[in-house]
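K.L.:
Any chance you can model this:
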Amino acid sequence: MVIEAETEQRRCAILKSLVDNRYRSQIPRVVDSVVSSCYDRDCFDHVDAAVIPSRESMIKIIGLVKDILFPGYFGEQTLDRNNLRYHLGSEVTKLFELLSEQISNSIIHDCSRLEENCSECIDRGQAETITFLEKIPMIRSLLASDVRAAYDGDPAAKSFDEIIFSYPGIFALTVYRVAHELHQQGISILPRIMTEYAHSAVGIDIHPGAKIGKALFIDHGTGVVIGETCEIGDNVRIYQGVTLGSLSFPRDESGEIIRGKKRHPTIEDNVIIYSNATILGGDTVIGERSVIGGSVWITRSVPQDTKVLIEEPRLVFKGKYGHLFPDYII
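P.N.:
Residues are numbered from 1 along each chain as shown. Presented below is the predicted three-dimensional model:
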């Protein structure tokens with residue numbers, strides 16, 4: 001029986017090999033078809049082009065930035081004042097090396113000469129990195145105001161540590177505030193890769209071009225969208241599902257989208273926007289201290305000190321067998 005089993009195994013191996021060879025022999029034909037499609041102008045590839053920023057390196061950059069912005073919370077957590085300078089010096093140096101390479105790649109990608117080792121692009125990449133690093137104290141101050149706003153606005157928050165470690169809004173704002181400064185410096189691609197990574201991680205979509213003041217609290221956060229030309233003042237609170245979007249896309253005579261115009265709303269200081277509200281349009285301004293209720297749809301400006309609410313719906317309570325409870329009809 002052992003001999004029969006071994007014979008059957010050899011027979012199965014031979015059959016498998018024949019089947020594999022029959023289909024594997026078709027792979028060169030498939031490869032030729034795939035290569036040929038790369039010459040189709042209606043499709044996309046990045047062949048014979050300059051290097052682009054690396055998403056994997058960008059994730060490492062965000063990890064380093066978080067450690068520098070919130071020392072002792074992420075990465076090395078056994079810090080004291082005696083080794084703080086050494087630790088931050090090491091982290092900032094690592095960040096310089098990684099970030100300058102990715103910024104240089106962004107610049108090279110946009111360079112009309114498309115020279116991968118363009119010395120001018122590499123020099124500018126390092127200069128832009130130093131410019132960004134000098135902004136870190138300012139970014140830390142803004143994020144501190146965001147953390148305090150979360151603590152003041154959420155009775156469920158037990159400590160600042162809990163907010164920094166676990167609140168998705170703080171993570172999204174951390175990435176946004178870093179990406180925004182790079183965006184302001186004219187660095188392309190990399191800032192958007194950063195904010196889309198945060199979007200995929202916590203479900204909060206903030207374009208790096210948006211202008212956001214201090215002490216923004218994004219409560220819960222899932223589904224929040226903040227568009228490229230949106231402007232948000234200080235001490236604003238936003239709940240989950242809020243969209244600050246574009247009402248329409250202006251187009252030129254040929255039908256192409258006109259880029260660079262203000263398409264998204266302005267939210268002034270001390271505004272509260274409750275869940276699932278939608279506010280659209282570049283000319284739409286929500287005045288100071290206004291309150292926008294849940295599920296409201298707004299396409300025009302709201303004066304300051306105004307509450308915008310949907311009329312309370314009529315609720316009907318039905319029993320197990322479908323009969324109504326008159327006393328509970330609202």
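K.L.:
ranges for the helices of the stretch 151-300 of the chain?
P.N.:
Under the criterion DSSP state H, counting those that start in this stretch, helices of the stretch 151-300 of the chain are mapped to 160-166, 168-184, 190-202.
K.L.:
winner for burial among these?
P.N.:
When you average the neighbours per residue for each of those (mean count of other CB atoms under 10 Å), helix 168-184 leads with a mean of 23. Backbone N, C-alpha and C define where each C-beta goes, glycine included.
K.L.:
packing partners for it?
P.N.:
Packed against helix 168-184, as judged by 3 or more CB pairs under 8 Å, 6 or more residues apart in numbering; DSSP states H and E, are the following elements: helix 55-69, helix 119-133, helix 136-153, helix 190-202, strand 205-206, strand 211-212, strand 217-218.
K.L.:
looking at this protein, which helix or strand does the model trust least?
P.N.:
helix 2-24 (a mean of 64; mean pLDDT, DSSP states H and E).
K.L.:
circling back: for the helices of the stretch 151-300 of the chain, give me JSON lines that also has mean pLDDT.
P.N.:
Converted to JSON lines, these look like this (pLDDT from 0 to 100):
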{"stretch": "helix 160-166", "mean pLDDT": "96"}
{"stretch": "helix 168-184", "mean pLDDT": "98"}
{"stretch": "helix 190-202", "mean pLDDT": "97"}
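K.L.:
quick one, which of those helices is nearest to S290?
P.N.:
The closest of those to S290 is helix 168-184. By CB to CB, the value is 20.7 Å.
K.L.:
how is the protein carved up into domains?
P.N.:
Here the domain parsing of the chain from automatic domain parsing is 50-204, 210-330.
K.L.:
among those domains, which is nearest C38?
P.N.:
C38 lies closest to domain 50-204 among these, at 16.8 Å (CB to CB).
K.L.:
can you list the weak-confidence ranges in the protein?
P.N.:
Applying pLDDT under 70 to the chain picks out residues 1-8, 10-22, 48-50, 76-77, 112-117, 325-330.
K.L.:
quick one, longest helix in it?
P.N.:
Longest helix in the chain by number of residues (criterion: DSSP state H): helix 84-110.
K.L.:
Buried residues in it, which are they?
P.N.:
87-88, 91, 94-96, 98-109 (16 or more other CB atoms under 10 Å).
K.L.:
Could you do stretch 276-288 as well?
P.N.:
Residues of stretch 276-288 classed as buried: 276-282, 284-288 (neighbour count, 16+ other CB under 10 Å).
K.L.:
In a markdown table, list these along with distance to V224.
P.N.:
Output for the buried residues of stretch 276-288, formatted as a markdown table (distance: CB to CB, whole Å):
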| residue | distance to V224 |
| --- | --- |
| N276 | 10 |
| A277 | 10 |
| T278 | 11 |
| I279 | 12 |
| L280 | 15 |
| G281 | 18 |
| G282 | 19 |
| T284 | 17 |
| V285 | 19 |
| I286 | 15 |
| G287 | 21 |
| E288 | 21 |
